[in-house]
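*Asks:* Kindly generate the corresponding structure for this input.
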Amino acid sequence: MNDTVATPKEVIEKIKKAAELLKAQGEKALDIFRNPSSEFTWKDSYLFIMDLEKSLVLCNPAFPEREGGNIREHLDWNKKMYGLELCETANNGGGWIEFMWPKPGTQNPLRKLAFVYPVPGYRYTVCAGIYDDTLSLKEANEQWYI
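*Replies:* All right, here's what the predicted structure looks like:
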């Protein structure tokens, strides 16, 4: 196993932990997630948090320039409207989506699978992903969920 590459299991574990932190601390938890040295930025992955009611990216430690942006307008490297897909997936209860995105600290886009989790009863949607060319979207949605 490669200890520099995040796994689907880790993504789900981190998202669950982040959701509990958001429930307990609310907006204060965002400061923890923004810190690129926190446990929520690990290996080649990171959490990002959205507010779907306001269509905003609330925090993204790997790409802080995205914070405050309208998530529904975000495009991936192939001009796919992945931000809209993130929102639609969240509105349908969550799950995995795929898009092209560079790993933090790089410029070349890779296939990314991201899990989208709307925290029940809260305005927060928690997302994190893996960079993987072999796991199918169908497999991810069948095997790895909250």
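*Asks:* all helices for the protein, in order.
*Replies:* 8-25, 29-34, 82-91, 137-143 (DSSP state H).
*Asks:* for the protein, what spans make up the strands?
*Replies:* 41-42, 45-51, 56-59, 95-102, 109-118, 124-131 (DSSP state E).
*Asks:* looking at those, which is closest to Asn141?
*Replies:* Between Asn141 and those, the tightest spacing by CB to CB is seen for strand 95-102, at 5.0 Å. Every residue, glycine included, has its C-beta placed from N, CA and C.
*Asks:* Can you give me the buried ones in stretch 56-73?
*Replies:* Across stretch 56-73, burial judged by 16 or more other CB atoms under 10 Å covers 56-62, 67, 71-72.
*Asks:* Also stretch 113-124?
*Replies:* Buried residues in stretch 113-124 (16+ other CB under 10 Å): 113-119, 123-124.
*Asks:* Only the buried residues of stretch 6-19, if you could.
*Replies:* 6-8, 11-12, 14-15, 18-19.
*Asks:* And the furthest pair within the residues you listed?
*Replies:* Thr7 and Ala19 (18.5 Å).
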